[in-house]
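J.: Any chance you could fold what I've pasted below:
(chains A and B)
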Protein chains: 2
Amino acid sequence: MHFKSSLYTSLLLLLTAILPWNRANAQEKYEPAWSNLSGCDYPQVSSQMNVRVRFHAPNASKVEVAGGDGFTQKPIALAKDKEGYWFGTVPNVTPGFHYYWFNVDGVQVNDPASVAYMGYGRPTSGLYAPTPGEEFLECKQVPHGDVREHTYFSEVTGKWRRAYVYTPAGYDRGTKNRYPILYLLHGAGEDERGWTLQGRMNFILDNLIAEGKAVPMVVVMDNGYATAKGDTADTSLSRDGMKKRAEVLMDVYKKDIIPTFETSYRIKQGRENRAMAGLSMGGFETLLIGLNNTDMFAYYGAFSAAIIGGLMDNPKTAFNGVFADAEAFNKNVKLLWFGVGSNETRFVEMVADTRDKLNGLGINAQYYQSENTYHEWHTWSRCLHQFAPLLFK
Amino acid sequence: MHFKSSLYTSLLLLLTAILPWNRANAQEKYEPAWSNLSGCDYPQVSSQMNVRVRFHAPNASKVEVAGGDGFTQKPIALAKDKEGYWFGTVPNVTPGFHYYWFNVDGVQVNDPASVAYMGYGRPTSGLYAPTPGEEFLECKQVPHGDVREHTYFSEVTGKWRRAYVYTPAGYDRGTKNRYPILYLLHGAGEDERGWTLQGRMNFILDNLIAEGKAVPMVVVMDNGYATAKGDTADTSLSRDGMKKRAEVLMDVYKKDIIPTFETSYRIKQGRENRAMAGLSMGGFETLLIGLNNTDMFAYYGAFSAAIIGGLMDNPKTAFNGVFADAEAFNKNVKLLWFGVGSNETRFVEMVADTRDKLNGLGINAQYYQSENTYHEWHTWSRCLHQFAPLLFK
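T.: You can find the predicted model right below:
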């Protein structure tokens, strides 16, 4: 009886193991991710948004795959084959860009099959899952803008800096036409390339402009980290660290970035032609730099903004009292826009709390929720796609 | 006696071990490499061009550091401290850019303290050693050109491609001035970003143009890999693989790149305003594409060129007989320039053999040797610095 029972159990386990595999196999077609380096077969993505990964480590005793929230909340153990390749499947990822990596006997290792994107403060592998029904970030047969690497000297930091500048299609053909400008900020642990590589901002704007939904604009993407000349670099995510950095960065914007880029490129003058937006830490910086200087900017976008450091504890006195007179604010500020991913609970709370406080004061604040996404790039690509059409109109 | 002898030996070994360490310690000052990610203390470089590396892998049983030829010819074993950090010193590296990585129990792992550059067909860590006495590749207080990411559709490959385009300082201010154009090709396992990130071509040209040594020019850096529409990608370094790719790439240049870039940017017309140069595999491609089309290009640069596949077995019939009439060639081709690093023996032989064959035919061919460098980026940065002033004059 005992023997029989354990035989039944074994058979049952075997069937449980085989059946879903067969069913999955029959329905699921895996394809190498389009974001893989040329000729690399893994990672692969299925139509059901499952991801198969592979890593070669014949001598390792434990290999896991891990990544951002929309990829997997917890590391997933891989299994080794005879040739020393470790395989595993990540179920049910969200659409769009995902950071991922392998933990090889406790060491975080990138996938040699992937471009290394700047994320989490270090180069990190990335995978683009399909975005069915959302062609807005695809590279299409429309006129394309250039993304330029622009080198300039910052007096505030005492160092050369590199920013990326999107100039819309047709910018070079014109000689006199001037453009409004959007300053677009990345998140913590990322850099000035994030918005193009991970966020595909150039394709999003190319498409919106080609469809006539957004006005042609220049977009400057600079590094969100700045250290005053003589100071030591601080990349901490503490309230004070972020606040101090944002204040130095405010100085860089006022004294270096805005004067440099608005003369190097053909930019329309005045605050009504100037917008600022950013994600996470960049959202915090947007609020802190932008709302303290409403004489300089008329449009604001805060994507999954880190509204920390008591920024909104006292809305009436926040940002030098900019919200104290709602009528004046609503007349002066053309757009104050908040976006967040429905699954990033902590940020939903921060943003909703801010929105409620602002509404309570009679401040016009727009709110957008990206459904079923986390604190991740697809939330921010969607935010940009919603936000950009509202600018400079 | 036996005992005494072994005591002497031990003392001698101890002194041998301590003395150089003391001497080195007294003289050598280590600084974090300027190329490290912000806030990263390692790797460090000394004034004597020794490099100290560090890697955290508490559970690993063997960690080595390895890299390109100018960094270390053989992997160097590291030693672990109590906190699980592995340390080691790479002696006597050459100046300029070096790829490097760690072998952690047999797995090739990048340094989280470094940008990951495309090299060896995968993202790879890189370190800039100082280049004392060679300021030509530094970012200086001179007007800087932009480097643009340009997206275009290739009919030949049936795919979107991304190229980098250097436009010199002042390009945007002018509206009618047109520029000559240099097509600059990367090496095997690298990509279209190599010439700016690893090779610092934009700073080299900014400096040469500011000093009046080179004429302002536009430089297009495209990907050196191309697969005809419908074909399977082949990244092999076999003679046939490289030849087939170069032939597809020739088609891409003729049908896609030249028509696209010479209308998207303000480029002077005609072959005397068009140059092509490349390194290693890109040198092979330059010779194959360029010398088969002398009606299209007037200037050629082959930097550590892979002159393989029997390209020069029969110089009189090579490249459709372009060298058969030396007088006509010398009149038609303004510059045929070869450069190579003195330490990359195999390439020195290939290039010297080619030069001798060409001289034998009465062909004007210039030859430059970069002293004490290998098959590495500093050879090619120096080559560009020598080559660019000879163009379009």
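J.: Run through who's touching the helix or strand hosting residue A:207.
T.: Here residue A:207 is covered by helix A:201-210, with elements defined by DSSP states H and E. Contacts with helix A:201-210, where a contact means C-beta atoms under 8 Å, 6 or more residues apart in numbering or on different chains, come from A:135-140, A:142-145, A:147, A:166, A:168-169, A:184, A:195-196, A:214-217, A:219, A:221, A:381, A:384-385, A:388-389, B:149, B:151. Heads up, the C-betas are built off the backbone N, CA and C, glycines and all.
J.: what do you get for stretch A:316-323?
T.: Residues contacting stretch A:316-323 (C-beta under 8 Å, 6+ apart): A:287-288, A:291-292, A:294, A:311-312, A:315, A:324, A:329, A:358, A:361, A:363.
J.: Flag every residue of the stretch 201-350 of chain A that's near chain B.
T.: For the stretch 201-350 of chain A, the contact set with chain B under C-beta under 8 Å from any C-beta of the partner chain comprises A:202, A:225, A:233, A:234, A:235, A:264, A:265, A:266.
J.: Okay, and which of those residues map to strands?
T.: With DSSP state E as the criterion, strands contain none of those.
J.: Reformat those as JSON lines; add distance to residue A:100 and neighbour count.
T.: Converted to JSON lines, those look like this (distance: C-beta to C-beta, whole Å; neighbours: other C-beta atoms under 10 Å in any protein chain shown):
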{"residue": "A:202", "distance to residue A:100": "23", "neighbour count": "24"}
{"residue": "A:225", "distance to residue A:100": "24", "neighbour count": "22"}
{"residue": "A:233", "distance to residue A:100": "27", "neighbour count": "12"}
{"residue": "A:234", "distance to residue A:100": "28", "neighbour count": "16"}
{"residue": "A:235", "distance to residue A:100": "22", "neighbour count": "15"}
{"residue": "A:264", "distance to residue A:100": "37", "neighbour count": "18"}
{"residue": "A:265", "distance to residue A:100": "36", "neighbour count": "19"}
{"residue": "A:266", "distance to residue A:100": "40", "neighbour count": "17"}
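J.: which among those residues gets closest to residue A:78?
T.: Of all these, residue A:235 has the smallest distance to residue A:78: 31.1 Å, by C-beta to C-beta.
J.: dump the residue contacts of the closest one.
T.: Contacts of residue A:235 by C-beta under 8 Å, 6+ apart are A:121, A:189, A:225, A:241, B:38, B:39.
J.: circling back to that earlier point, kindly present the residues of the stretch 201-350 of chain A next to chain B as JSON lines, with separate columns for distance to residue A:111 and pLDDT.
T.: Formatted as JSON lines, these follow (distance: C-beta to C-beta, whole Å; pLDDT from 0 to 100):
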{"residue": "A:202", "distance to residue A:111": "25", "pLDDT": "98"}
{"residue": "A:225", "distance to residue A:111": "26", "pLDDT": "92"}
{"residue": "A:233", "distance to residue A:111": "29", "pLDDT": "76"}
{"residue": "A:234", "distance to residue A:111": "30", "pLDDT": "75"}
{"residue": "A:235", "distance to residue A:111": "25", "pLDDT": "73"}
{"residue": "A:264", "distance to residue A:111": "38", "pLDDT": "94"}
{"residue": "A:265", "distance to residue A:111": "37", "pLDDT": "96"}
{"residue": "A:266", "distance to residue A:111": "41", "pLDDT": "96"}
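J.: For those, which two are the farthest from each other?
T.: That would be A:234 and A:266, which, of those, are the farthest apart (C-beta to C-beta) at 36.0 Å.
J.: follow-up on the earlier one: from the chain's centroid, how far away is the helix holding residue A:207?
T.: Mean-position distance between helix A:201-210 and its chain equals 16 Å (C-alpha atoms, centre = their mean, to the nearest Å).
J.: likewise stretch A:325-332?
T.: For stretch A:325-332, the separation from the chain centroid amounts to 30 Å (computed by C-alpha atoms, centre = their mean).
J.: what does the average pLDDT come to for that stretch?
T.: Regarding stretch A:325-332, the rounded mean pLDDT is 97.
J.: List the buried residues of it.
T.: Neighbour counts using 16 or more other C-beta atoms under 10 Å in any protein chain shown place A:326, A:329 of stretch A:325-332 among the buried residues.
J.: Please enumerate residues in contact with it?
T.: Residues from elsewhere that reach stretch A:325-332 (C-beta under 8 Å, 6+ apart): A:294, A:298, A:322, A:323, A:361, A:362, A:363, A:364.
J.: again, only this time at 7 Å
T.: A:294, A:322, A:323, A:361, A:362, A:363, A:364 (C-beta atoms under 7 Å, 6 or more residues apart in numbering or on different chains).
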